[in-house]
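**Q** structure for the following, please:
(one chain, ligands or ions: 2)
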Amino acid sequence: MESTSRSMPEGLQDIQGRTFPYLRLSVTDLCNFRCNYCLPDGCVDHHHNDALSVDEIRRLVTAFAYLGVQKIRLTGGEPTLRQDFTDVVHIIRQVSGIKKLAMTTNGYRMDKRVTSWMDAGIDAINVSVDSLDPRAFKAITGHDRLREILLGIQTAFDHGLPSIKVNAVAMKGVNDDQLDTFLEWIRSHPISIRFIELMQTGGNIEFFQKHHFPGKTIQELLLARGWVRKMSAADAGPAQEYCHSDYQGTVGLIMPYSKDFCNDCNRLRVTSLGQLQLCLFAESGIDLRDLLQSDDQQDALVMRIRDSLRLKESGHFLDQGLTGGTRNLSQMGG
Ligand code: SAM
Ligand code: SF4
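**A** Ligands and ions are numbered 1, 2, ... in the order given. Below is the predicted model of the structure:
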């Protein structure tokens, strides 16, 4: 990194003044689940064998770390379907400047594998659990695996994982009757549940119209029951956090349709094929892969990433039904 190493790098900043310490990196677009809002017909079209190699990932992360990124979340598709998943974790851990390495998983075989993820260097896990009722869970995901996932969460706790969060997409007529069950669960478990408002994508328009459940409804219910909104840390991103003295766990609300949601955007995304996505709902990405082929391309890579930030829009247009090029979130990681 010749020219850039002479002076201290400036962190990534867009024209709105937002900074980006957080990168979500998809390591495969393959998934083995069939979530009804994401891949209802299963993963029929993927580029698993063409995903970024461990060396390409190392170069990518080195450039982002140089530009001030401190937190990486590995996602997919299902990131753990990569045979070399722990090698990916391990190599990122070698990059200086990365302080937090998180992952999002559907929890497949988590009971058996979570300790190997932690040993490799994962220090935060988000697990998707859209229902605590085994039958509803199977109907949503196509898999009768709730038990092994809950066991995986317990194993992570037992082995001292510092942060564990559960993602649940709130859906009218599918799991909106589960809210109390989730809250009862976190009364005695120090888990942060993130209720995510269902987002429309190019591939789920009918499903979205039928099942969209406003996050505001959950927010009103929490407030009515004495939950209190926590002050967000400066780098917290768009989730709203709520706590209650009777509960060990907390609730996070992710409401992408709410006004001002994008004001706190602090993340960038890179797909498993090396496309930089400035927004989950952008029309297209910016190819970085040609600059991930050798270590001596770092200067050019840093420059392309920095220049691309000028193109970042102030917000998405989801409320107008504009979902960009995103057919489903497994394509690029949610
Ligand atoms: N396969 C992993 C999983 O399910 O956790 C990681 C990838 S998945 C795309 C990441 C997150 O996005 C999951 O919590 C999932 O529930 C959420 N998600 C997927 N499609 C969504 C949609 N249309 N609206 C809201 N959240 C969605
Ligand atoms: Fe797979 Fe995650 Fe999409 Fe479910 S939400 S189909 S687990 S990528």
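**Q** can you count the residues close to residue 305?
**A** Residues contacting residue 305 under the criterion other Cβ atoms under 10 Å number 23. C-betas here are computed from N, CA, C, even on glycine.
**Q** three-state assignment of it?
**A** Following DSSP: H, G, I helix; E, B strand; the rest coil, residue 305 is assigned to helix.
**Q** ok, residue 23 next?
**A** strand.
**Q** ranges for the helices of this protein?
**A** 2-5, 54-66, 85-93, 110-120, 134-141, 146-158, 179-187, 205-211, 215-224, 298-308 (DSSP state H).
**Q** which one, of these, ends up nearest to residue 77?
**A** Checking the helices of the chain against residue 77 by Cβ to Cβ gives helix 85-93 as the closest, at 11.5 Å.
**Q** by how many degrees do that closest one and helix 110-120 diverge?
**A** 30 degrees (axes from the mean of the first three to the mean of the last three Cα atoms, to 10 degrees).
**Q** not counting its own residues, what contacts helix 85-93?
**A** For helix 85-93, contacts defined as Cβ atoms under 8 Å, 6 or more residues apart in numbering pick out 27, 54, 57-58, 61, 72, 74, 79, 82, 98, 101, 103, 116-117, 119-122.
**Q** go with 6 Å
**A** 27, 54, 57-58, 61, 72, 101, 116, 120-122 (Cβ atoms under 6 Å, 6 or more residues apart in numbering).
**Q** same question for stretch 66-81.
**A** In contact with stretch 66-81 (Cβ under 6 Å, 6+ apart) are residues 9, 11-12, 21-32, 92, 98-106, 302, 330, 333.
**Q** okay, it in CSV with CA atoms only?
**A** This file holds the C-alpha atoms of stretch 66-81, laid out as CSV (Å, rounded to 0.1, in the frame of the first residue of the first chain):
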residue,chain,number,x,y,z
TYR,A,66,-7.4,0.2,6.4
LEU,A,67,-10.4,2.4,5.6
GLY,A,68,-11.6,2.2,9.2
VAL,A,69,-13.9,-0.8,9.2
GLN,A,70,-13.7,-2.4,12.7
LYS,A,71,-16.6,-4.8,12.6
ILE,A,72,-17.3,-7.6,10.1
ARG,A,73,-20.4,-9.7,9.9
LEU,A,74,-20.2,-12.9,7.9
THR,A,75,-23.5,-13.8,6.3
GLY,A,76,-25.1,-15.3,3.2
GLY,A,77,-27.0,-17.4,2.0
GLU,A,78,-26.0,-19.6,4.8
PRO,A,79,-22.4,-18.8,5.6
THR,A,80,-21.7,-22.1,7.4
LEU,A,81,-22.3,-24.1,4.2
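**Q** that one close to ligand 1?
**A** Yes: for stretch 66-81, a contact with ligand 1 is found by Cβ under 6 Å from any ligand atom, at 75-76, 78.
**Q** where does residue 312 fall, phi/psi-wise?
**A** The phi/psi pair for residue 312 (degrees, to the nearest 10) reads phi -70, psi 130.
**Q** list the contacts of it.
**A** So residue 312 contacts 14, 278 (Cβ under 6 Å, 6+ apart).
**Q** okay, it and residue 18: tell me how far apart.
**A** Distance of residue 312 to residue 18, given as Cβ to Cβ, to the nearest Å: 8 Å.
**Q** try residue 262
**A** 9 Å.
**Q** cool, and residue 150?
**A** 37 Å.
**Q** and those two? Which one has more around it.
**A** Counting neighbours by other Cβ under 10 Å for residue 150 and for residue 18 shows that residue 150 has the greater number, 20 against 17.
**Q** can you check the pLDDT for the residue lying closest to that one once chain neighbours are set aside?
**A** Among residues not flanking residue 150 along the chain, residue 129 sits closest, at 7.7 Å (Cβ to Cβ, 6 or more residues apart in numbering). If you check residue 129, the pLDDT there is 98.
**Q** CA atoms of stretch 292-304 as CSV?
**A** Taking C-alpha atoms only, stretch 292-304 is exported to CSV below (Å, rounded to 0.1, in the frame of the first residue of the first chain):
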residue,chain,number,x,y,z
LEU,A,292,-8.6,-8.8,-5.2
GLN,A,293,-6.2,-10.9,-7.3
SER,A,294,-2.9,-9.9,-5.7
ASP,A,295,-1.6,-8.2,-2.6
ASP,A,296,0.0,-5.3,-4.7
GLN,A,297,-3.5,-4.1,-5.8
GLN,A,298,-4.4,-2.7,-2.4
ASP,A,299,-3.9,0.9,-3.3
ALA,A,300,-6.2,0.7,-6.2
LEU,A,301,-8.8,-1.3,-4.2
VAL,A,302,-8.8,1.3,-1.4
MET,A,303,-9.2,4.0,-3.9
ARG,A,304,-12.1,2.3,-5.7
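**Q** name the residues of the stretch 51-200 of the chain found near ligand 2, please.
**A** So the stretch 51-200 of the chain meets ligand 2 at 76-78, 106, 128 (Cβ under 6 Å from any ligand atom).
**Q** reformat those as TSV; add neighbour count.
**A** What follows is those, written out as TSV (neighbours: other Cβ atoms under 10 Å):
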residue	neighbour count
76	32
77	29
78	23
106	27
128	23
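**Q** restricted to strands, list those.
**A** residue 128 (DSSP state E).
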